[in-house]
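>>> okay, here's the prediction I keep looking at, along with the sequence it came from:
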Amino acid sequence: MKNTWIQYGYSFPLGNFEGFTVKEPFIDVVLSHNGRYFPQLSMIDSGAYIITMVSDDMRGIFGIDASACKKVNVGGIVGERVEGFLHNMTMSVDKFDESIKVPVVFVPGLKTNMLLGQIGFFEKFKIRFENSANSFYLSKV
């Protein structure tokens with residue numbers, strides 16, 4: 001499906017903010033590791049600290065011990081830095097047939113379940129945002 005643009009609709013979980021409609025690009029993905037699978041609604045986030053970030057709660061679902069991960073420091077928009085756990089995972093993206101390998105950082109206290117970041121995800125997909133059409137699009141690189 002290379003060079004084919006797949007259309008997705010924006011999610012509107014926040015409704016309006018100060019008179020502006022909030023349009024958020026959420027997409028269904030499935031993370032997998034060692035025969036364990038977990039479907040997840042994830043936000044495409046070009047500012048997601050470069051890499052895909054996942055709630056540390058999910059590390060236990062996959063049976064990944066912190067000692068098997070590289071420890072990395074990550075920060076967010078509010079500037080607070082926390083220690084996360086870097087691990088390679090497999091990811092399937094809604095409407096695409098093949099899975100991709102992506103590095104993820106499991107982050108304690110992450111305020112959302114999953115943010116799709118630049119390393120791994122943005123390297124494998126072209127992303128086009130069209131707010132006026134209430135849509136965003138993905139295409140394999």
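Cool, the structure landed. Numbering: from 1, shown residues only.

>>> and the helix or strand encompassing Met89, C-alpha only, in CSV?
Assigned by DSSP states H and E, Met89 belongs to strand 81-93. The C-alpha coordinates for strand 81-93 follow below in CSV (Å, rounded to 0.1, in the frame of the first residue of the first chain):
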residue,chain,number,x,y,z
ARG,A,81,11.5,14.7,33.4
VAL,A,82,10.9,11.1,34.3
GLU,A,83,12.8,7.9,33.8
GLY,A,84,11.3,5.6,31.2
PHE,A,85,12.0,2.2,29.8
LEU,A,86,13.0,1.8,26.2
HIS,A,87,12.1,-1.5,24.4
ASN,A,88,11.4,-2.6,20.9
MET,A,89,7.9,-3.7,20.0
THR,A,90,5.9,-4.8,17.0
MET,A,91,2.9,-2.6,16.0
SER,A,92,0.0,-3.1,13.6
VAL,A,93,-1.8,0.0,12.3
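
>>> surely Ser139 and Lys126 touch.
Yes: if you go by C-beta atoms under 8 Å, Ser139 and Lys126 touch, sitting 4.5 Å apart. To be clear about C-beta, it is placed using only N, CA and C from the backbone, and glycine gets the same treatment.

>>> quick one: strands adjacent to the strand holding Met89?
When pairing is defined by DSSP bridges, strand 81-93 lines up against strand 26-33 (antiparallel), strand 70-75 (antiparallel), strand 100-107 (antiparallel).

>>> can you pull up the most central residue in this structure?
Leu116 (2.2 Å; C-alpha atoms, centre = their mean).

>>> these two touch, right, that one and Thr52?
Yes: Leu116 is in contact with Thr52 according to C-beta under 8 Å; the separation is 5.3 Å.
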